[in-house]
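**Student:** no sequence for this one, just the structure:
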Ligand code: GLN
């Protein structure tokens, strides 16, 4: 029977609960167990699709087309298991389900209440779509004590009670702040946070204590005593230089051993962590450095491009170089003299984005890369902007633009309302609600033999994840190909341009999909490996 591990957080947010859950998943896998990770998000949005990346970080898209929390990206990067729609739920989605059922009359006249109706819907979700995995690690977003978290905590309390100790475990992630005036770590916030959990009926079985300083045995003993947790299950979680060392660090502190002990499973054999040691080793001992400019809109918030930053790191690991990321706000390139900021970079990446603001700056950056032979990687919006740039500068279409910014004389990028997926036709309209109009999830792409894309993937059919409303208009294909672009990736029905490249340029590739979502440290994405390789070559030239 599947065992459930519930991970909650206390004291403050941003403690790395997602990373801790992902690392635990990797450790259990290294011990030969199958795992699945999921996340319960207490906010009221039905999914994070409509939230600003500035507020909530990147939206992670799954193969089956769900817009989910960025923690699902960590889960995939650490375990290699593709996340599914059924792995992320929010309060908004739970309430919509309950209200839909109420309207249908499913509750047979009962008064619909948080307990049991909302909590039942949460429990149903936690247990749904499980296919015999040894462990489900279920992270609860937010911080214990938030009003929004309460139904989720009540639901997992009930689950713990129903499943029993041998099938359920509660891990609580907390913070031990260092107070310099006293010269010591403080355990009181952790004690309070555990009290808060106890007040909703949950006694944690393990504490992961985030701290910037080593935690003494005295402190561990004290925490164990006050929080009613075994001392070995008070796990110090110190900061590390790379997130890919987190599984190793947690293992050294006994995380997986204590989890197995909780479930009465043997833990004497050491897990094989070579893969993580190799990755951390490459990260720590690079043989060079490349400077990559990311010309985007949300450059002030690191989490807004989480998967992208990770995928670039993976490309660096594959080429044994350190990636020096230069986050640049696209709007600065709307000033004539600003391109000099790009003079000494070895690669330019324009990531996904929405809306007109900064678009002319992105077009200017693509122009600079094309004219100056600097490796250029355009992702989704970055591809669309590169195509508009080529249409304006090379194909004599000065009015080229995207209908995303309003009516346009030469809509090189436009809204498509109908397309095929496999043998099904999918439709959307410009008036559908925001959550429902995107081409989302995995789609196949046919790769032109002999193209750069073909060389990079070594395949003629690939599948990548999408998240966009607009498409490059196929009607401009011939005209753009005549001036040097190559449409090297197309949807299998030949209707939707998926990849454009410039064969005469050292490395100029624009992709309509989001390859960063599938890159893993132990399996760097070929596009990122190739882009960084080109940047390494470029670094030897400048
Ligand atoms: N805004 C563009 C579109 O909707 C690109 C989206 C993206 O970059 N993810 O098509």
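**Tutor:** The structure has been received and is ready for your questions. Quick caveat: nothing in here was measured; it's all calculated off a predicted structure.

**Student:** which helix runs longest in the protein?
**Tutor:** helix 526-541 (DSSP state H).

**Student:** sticking with the residue nearest the centre of the chain, tell me its helix or strand.
**Tutor:** Centroid-nearest residue in the chain: residue 73, 3.2 Å away (criterion: C-alpha atoms, centre = their mean). Secondary structure from DSSP states H and E places residue 73 in helix 71-79.

**Student:** so for that helix, mean pLDDT?
**Tutor:** Helix 71-79 shows an average pLDDT of 96 in the prediction.

**Student:** quick one: name the residues of this protein near the ligand.
**Tutor:** Applying C-beta under 6 Å from any ligand atom, we find that the chain lies next to the ligand at 352-354, 380-381, 404, 467-470. For the C-beta atoms, the positions are set from N, CA and C on the backbone; glycine is no exception.

**Student:** show me those that map onto strands.
**Tutor:** With strands taken from DSSP state E, the overlap with the residues of the chain next to the ligand comprises 467-468, 470.

**Student:** surely residue 326 is within a strand?
**Tutor:** Yes. Membership of residue 326 in a strand is supported by DSSP: H, G, I helix; E, B strand; the rest coil.

**Student:** that one bridge partners, please.
**Tutor:** Beta-bridge partners for residue 326, by DSSP bridges, are residue 293.

**Student:** look up how far residue 286 lies from it.
**Tutor:** From residue 326 over to residue 286 the distance is 17 Å, taken as C-beta to C-beta, to the nearest Å.

**Student:** for the stretch 201-350 of the chain, just list every one of the helices.
**Tutor:** Taking DSSP state H, counting those that start in this stretch to define them, one finds helices in the stretch 201-350 of the chain at 217-227, 246-252, 255-262, 274-284, 306-319.

**Student:** nearest to residue 64, of those helices?
**Tutor:** In terms of C-beta to C-beta, the element of those nearest to residue 64 is helix 306-319, at 17.1 Å.

**Student:** please state the offset of that closest one from the chain centre?
**Tutor:** Computed by C-alpha atoms, centre = their mean, to the nearest Å, the chain-centroid distance of helix 306-319 equals 13 Å.

**Student:** what does it rub up against?
**Tutor:** 57-58, 60, 70, 73, 77, 279, 282-283, 286, 290, 292, 294, 302, 322-323, 325, 349, 351, 379, 514-517, 519-521, 524-525, 528-529, 531-533, 536 (C-beta atoms under 8 Å, 6 or more residues apart in numbering).

**Student:** one more pass at 7 Å, please.
**Tutor:** 57-58, 60, 70, 73, 77, 279, 282-283, 286, 292, 302, 322-323, 325, 351, 516-517, 519-521, 524-525, 528-529, 531-533, 536 (C-beta atoms under 7 Å, 6 or more residues apart in numbering).

**Student:** tell me the SS of residue 27?
**Tutor:** Strictly by three-state DSSP, residue 27 counts as helix.

**Student:** show the pLDDT at it.
**Tutor:** The model's pLDDT for residue 27 equals 97.

**Student:** picking up where we left off before, for the following helix or strand past the helix holding residue 73, the averaged confidence score.
**Tutor:** Once helix 71-79 ends, the next helix or strand along the chain (criterion: DSSP H and E) is strand 88-90. For strand 88-90, mean pLDDT is 94.

**Student:** name the next helix or strand downstream of strand 88-90, please.
**Tutor:** Going down the chain from strand 88-90, the next helix or strand is helix 91-104, by DSSP H and E.

**Student:** any idea which helix or strand comes after that next one?
**Tutor:** helix 119-127.

**Student:** parallel or antiparallel, list what pairs with the helix or strand that that following helix is followed by.
**Tutor:** Downstream of helix 119-127, the first helix or strand assigned by DSSP H and E is strand 135-140. When pairs are called by DSSP bridges, strand 135-140 turns out to pair with strand 3-9 (parallel), strand 35-41 (parallel).

**Student:** now render those strands as JSON lines, adding distance to residue 262 and mean neighbour count.
**Tutor:** Converted to JSON lines, the strands paired with strand 135-140 look like this (distance: least, C-beta to C-beta, whole Å; neighbours: other C-beta atoms under 10 Å):
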{"stretch": "strand 3-9", "distance to residue 262": "9", "mean neighbour count": "25"}
{"stretch": "strand 35-41", "distance to residue 262": "15", "mean neighbour count": "25"}
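
**Student:** how long is stretch 75-84 from one end to the other?
**Tutor:** 11 Å (C-alpha to C-alpha, to the nearest Å).

**Student:** list the buried residues in it.
**Tutor:** Buried residues in stretch 75-84, counted by 16 or more other C-beta atoms under 10 Å: 75-79, 81-84.

**Student:** before we move on, the earlier item: could you dump the strands paired with strand 135-140 to CSV with mean pLDDT?
**Tutor:** Shown next, in CSV, are these (pLDDT from 0 to 100):
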stretch, mean pLDDT
strand 3-9, 97
strand 35-41, 96
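
**Student:** to residue 166, which of those lies closest?
**Tutor:** strand 3-9 (7.8 Å).

**Student:** not counting sequence-adjacent ones, nearest residue to residue 454?
**Tutor:** residue 447 (5.0 Å; C-beta to C-beta, 6 or more residues apart in numbering).

**Student:** residues in contact with that neighbour?
**Tutor:** 453-454, 457, 459-462, 488-489.

**Student:** same thing with residue 328?
**Tutor:** Residues near residue 328 by C-beta under 7 Å, 6+ apart: 293-295, 299, 341.

**Student:** residue 527 now?
**Tutor:** Contacts of residue 527 (C-beta under 7 Å, 6+ apart): 456, 509, 511, 515.

**Student:** apply 6 Å and report the result again.
**Tutor:** 456, 515 (C-beta atoms under 6 Å, 6 or more residues apart in numbering).

**Student:** can you tell me how far it sits from residue 377?
**Tutor:** According to C-beta to C-beta, residue 527 stands 7 Å off from residue 377.

**Student:** quick check: neighbours shared by the two?
**Tutor:** In contact with both residue 527 and residue 377: no residue, using C-beta under 6 Å, 6+ apart.

**Student:** pLDDT below threshold where in this protein?
**Tutor:** The model of the chain has pLDDT under 70 over residues 299-300, 417-436.

**Student:** who's sitting farthest from the centroid in it?
**Tutor:** residue 109 (41.8 Å).

**Student:** identify the residue nearest residue 269 in space, chain neighbours excluded?
**Tutor:** residue 31 (7.5 Å).

**Student:** what do you get for residue 388?
**Tutor:** residue 400 (5.0 Å).

**Student:** check contacts around the one you found.
**Tutor:** 388, 391-392, 410, 412.

**Student:** ok, the contacts of residue 328 vs residue 275, which is closest?
**Tutor:** Of the contacts of residue 328, the one sitting nearest to residue 275 (C-beta to C-beta) turns out to be residue 294, at 27.6 Å.

**Student:** tell me if residue 173 really is in a strand.
**Tutor:** Yes. Assessed by three-state DSSP, residue 173 belongs to a strand.

**Student:** what sits opposite it in the beta ladder?
**Tutor:** Per DSSP bridges, the residues bridged to residue 173 are residue 9, residue 208.

**Student:** sorry, back to before: from the contacts of residue 447, which land in strands?
**Tutor:** Using DSSP E, those in strands are 461-462, 488-489.
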